[in-house]
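# this is a predicted model, with the sequence first.
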Amino acid sequence: MSKPSYEALVGTLRKTATLKSVADLVSWDQETYMVGGAAEARSDQMSLLAGMLHERQTSSELGDMIAACEEDGEVMGDELQSANVRESRRDFDLETKLPADLVAEAAKVGSQSQEAWKEARAKSEFSLFEPYMEKMLQLTRRKAECYGYAEGGELYDALLNLYEPGATAKQVEAIFAPLRGRLAGLIAELADSSSPPDESPLDISMEQARQHEFGQFVLKTMGFDLGTGRLDTTAHPFCSGIAPGDTRLTTRYGGRFTESLYGTMHEGGHGLYEQGLPKTAFHGLPVSEAVSLGIHESQSRLWENLVGRSEAFWTWAMPHARTMLNSKLKDVSVEHMYRAVNTARPSLIRVEADEATYNLHIMLRFELERAMLVGDLAVKDLPDAWNAKVQEYLGIEVQNDSEGCLQDVHWSFGLMGYFPTYCLGNLYASQFWEALQKDLPNLSDSIAAGEFGGLRGWLQENIHAHGRRYSAAELCQRATGQALSADPMMRHLEETLRPIYGV
Ligand code: ZN
């Protein structure tokens with residue numbers, strides 16, 4: 001029997017979660033099926049819901065309920081209940097740390113800044129965005145100061161902590177710095193190859209309807225439940241775990257069919273995490289939620305890259321692709337496809353980067369935003385600093401700011417401390433992959449046979465089921481027996497790419 005103090009907290013958190021699921025549903029609709037004429041009403045609906053949510057999440061009643069639980073020895077002596085109280089405290093403190101006028105100013109300047117960024121990017125003229133970037137940086141600094149950080153830490157930690165709870169800039173740096181040299185070395189090796197993969201199979205055109213059907217078939221085989229989830233089309237793919245029994249994915253079509261397929265598998269990995277969280281048993285409670293963005297991203301990257309770009313996957317998928325997508329694939333061997341989808345080549349645009357070079361795009365953003373935040377880099381010097389790092393890490397030249405420091409939307413509304421989670425996701429994915437290969441020695445054969453149940457079960461048991469019960473670092477330690485390291489990802493990339501490129 002749980003205590004009344006805990007029951008009261010659970011009751012209020014459940015109502016908040018239900019309200020949030022309404023906001024998420026409305027937001028999903030805006031991205032997918034909303035008719036143009038609804039835009040104004042939708043904006044009213046969304047701001048009303050956001051206001052109601054904020055009120056619930058910052059109410060003094062909620063604060064009192066959390067405090068009552070913290071003082072209740074019985075609640076705090078229960079591992080699961082105390083995890084929910086601890087995480088509720090974290091959420092409440094973060095929600096209540098920013099003064100209302102700062103939130104309002106950041107929202108107002110943020111939307112002006114995004115407009116300025118759009119124009120600056122279209123014209124490739126950083127100077128149009130520079131004054132807004134300057135304002136957003138000041139506001140972001142003020143936010144970080146309100147959030148605070150542990151002794152011995154730095155302002156950046158306050159922001160990173162929002163997305164990757166408990167992680168610090170120093171920890172990230174300690175992983176990224178040696179990784180950078182190893183990655184750059186590998187990419188240089190590949191550039192010297194006299195036999196890079198032939199990518200022509202990726203340019204075979206496919207009907208969109210067939211791709212959609214194939215994408216759903218792959219999702220179903222991965223174990224994504226289409227009875228409690230769905231796949232739609234949007235300009236920017238995403239996954240929304242709206243409520244227990246309701247997980248929605250989107251993908252896009254128009255480029256190479258593999259871009260759409262990997263987009264679908266990526267969101268499918270996020271979706272499996274959402275479907276695997278204990279949402280029914282612990283509805284609305286922190287232990288039913290994702291632990292961090294890095295761990296969330298590890299689930300998408302694992303399916304997209306570790307599974308989807310493996311030879312075993314194409315051994316299974318190729319016969320289906322030939323009948324479901326385009327019979328021209330009959331002329332393409334499994335090996336040819338495997339090589340083609342593992343092409344690695346430095347490029348300027350992060351979202352188009354391959355599995356290996358992607359990490360370098362993240363590292364340079366991490367270094368630049370950290371330098372701007374502490375004042376080591378002036379906003380006006382950002383384009384030059386950006387271009388120099390692209391040259392140094394990727395060995396290519398940026399011709400204009402729209403393919404340089406203006407390419408991502410994040411900084412325009414003050415989103416800093418977020419980028420590292422993309423790379424941490426890749427690192428976690430490879431580390432989980434090594435651990436699960438030890439536990440599932442026939443994994444490759446299973447994948448080649450289209451049997452993903454063992455893999456999904458491992459992820460469910462070791463990652464999904466825990467929600468926020470443990471921190472990301474503890475989860476990694478428990479699942480793999482080790483702290484997060486860059487070694488598994490480097491081993492994976494080297495062992496995959498060197499044979500393909502013959503270097
Ligand atoms: Zn993702």
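Sure thing, it's come through.

# can you pull the contacts of the residue in the chain that the ion sits nearest to?
Proximity of the chain to the ion (Cβ to the ion) peaks at S300, 4.2 Å away. Placement of C-beta: from N, CA and C, glycine included. S300 makes contacts with C239, H266, E267, G268, G269, H270, Y273, G425, as judged by Cβ atoms under 8 Å, 6 or more residues apart in numbering.

# can you show me the helices along the stretch 51-200 of the chain?
60-70, 73-76, 79-97, 100-123, 126-147, 155-163, 169-191 (DSSP state H, counting those that start in this stretch).

# what residues does A23 make contact with?
Here A23 is in contact with M46, L49, A50, L53 (Cβ under 8 Å, 6+ apart).

# distance check, it against L48.
Plainly put, A23 is 9 Å away from L48 if you go by Cβ to Cβ, to the nearest Å.

# equivalent analysis for E367, please.
40 Å.

# also Y393?
For Y393 relative to L48 (Cβ to Cβ), the value is 45 Å.

# pLDDT weak spots in this protein?
1 (pLDDT under 70).

# quick one, strands of it?
All strands of the chain, identified by DSSP state E, fall at 229-233, 239-243, 246-251.

# which residues of the protein lie near the ion?
Proximity of the chain to the ion (Cβ under 5 Å from the ion) is limited to residues E297, S300.

# which ones are touching the residue positioned nearest the centre of the chain?
Nearest residue to the geometric centre of the chain (Cα atoms, centre = their mean): E297, 3.8 Å. Residues near E297 by Cβ under 8 Å, 6+ apart: T421, Y422, L424, G425, N426, Y428, A429.

# K108 versus that one, what's the distance?
E297 is 30 Å from K108, by Cβ to Cβ.

# give the closest residue to the residue nearest to the centre of the chain in space, chain neighbours not counted.
Excluding the flanking residues, the one nearest E297 by Cβ to Cβ, 6 or more residues apart in numbering is G425, at 2.6 Å.

# surely the one you found and E304 touch.
No - counting by Cβ atoms under 8 Å, G425 stays clear of E304, with 10.2 Å between them.

# domain parsing for this structure?
Segmentation of the chain into domains, based on automatic domain parsing, reads 4-148, 169-501.

# next, the distance between the ends of the shortest one.
Just to be clear, that refers to domain 4-148. End-to-end distance of domain 4-148 (Cα to Cα, to the nearest Å): 33 Å.

# show me how far that domain is from its chain's centre.
18 Å (Cα atoms, centre = their mean, to the nearest Å).

# now render the contacts of E297 as TSV, adding neighbour count.
As requested, the contacts of E297 are exported to TSV (neighbours: other Cβ atoms under 10 Å):
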residue	neighbour count
T421	23
Y422	19
L424	28
G425	24
N426	26
Y428	29
A429	26
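
# my guess is A465 contacts P278. True?
Yes - A465 lies in contact with P278 (Cβ under 8 Å); the separation is 6.1 Å.

# comparing the two, which residue is more hemmed in?
Between A465 and P278, counting by other Cβ atoms under 10 Å, P278 is the more crowded of the two (18 against 14).

# show me what contacts the more buried one?
Per Cβ under 8 Å, 6+ apart, neighbours of P278: V287, S288, A465, G467.

# with N342 instead?
Applying Cβ under 8 Å, 6+ apart, we find N342 in contact with P197, R309, D354, E355, T496, L497, I500.

# distance of it from L415?
31 Å.

# quick one on the thing from earlier: and among the domains of the chain, the most buried is which?
Comparing the domains of the chain by mean neighbour count (mean count of other Cβ atoms under 10 Å), domain 169-501 comes out on top with a mean of 19.

# now do the contacts for the closest residue to E367 other than its chain neighbours.
Spatial nearest neighbour of E367, chain neighbours left out: K389 (7.0 Å); criterion: Cβ to Cβ, 6+ apart. By Cβ under 8 Å, 6+ apart, the residues touching K389 are L364, E367, L368.

# doesn't W386 make contact with the last one?
Looking back up the chat, that one is L368. Yes - at 6.4 Å, L368 counts as touching W386 under the criterion of Cβ under 8 Å.

# which neighbours do the two share?
Joint contacts of L368 and W386 (Cβ under 8 Å, 6+ apart) are C405.

# contact partners for the residue nearest to E297?
L293, G294, I295, H296, E297, S298, S300, R301.

# mind redoing it with 6 Å?
Applying Cβ atoms under 6 Å, 6 or more residues apart in numbering, one finds that G425 lies in contact with G294, E297, S298, R301.

# wait, doesn't the last one sit right on Y428?
No - contact criterion Cβ atoms under 6 Å: R301 and Y428 do not qualify, at 8.1 Å.

# need the overlap of contacts for these two.
If you check R301 and Y428 against Cβ under 6 Å, 6+ apart, no residue is contacted by both.

# can you give me the angle the longest helix anywhere in the chain makes with strand 239-243?
Secondary structure of the chain per DSSP state H: the longest helix is helix 4-32. Angle, helix 4-32 to strand 239-243, by axes from the mean of the first three to the mean of the last three Cα atoms, to 10 degrees: 140 degrees.

# to G223, which of the strands of the chain lies closest?
Of all the strands of the chain, it is strand 229-233 that lies closest to G223, at 10.9 Å by Cβ to Cβ.
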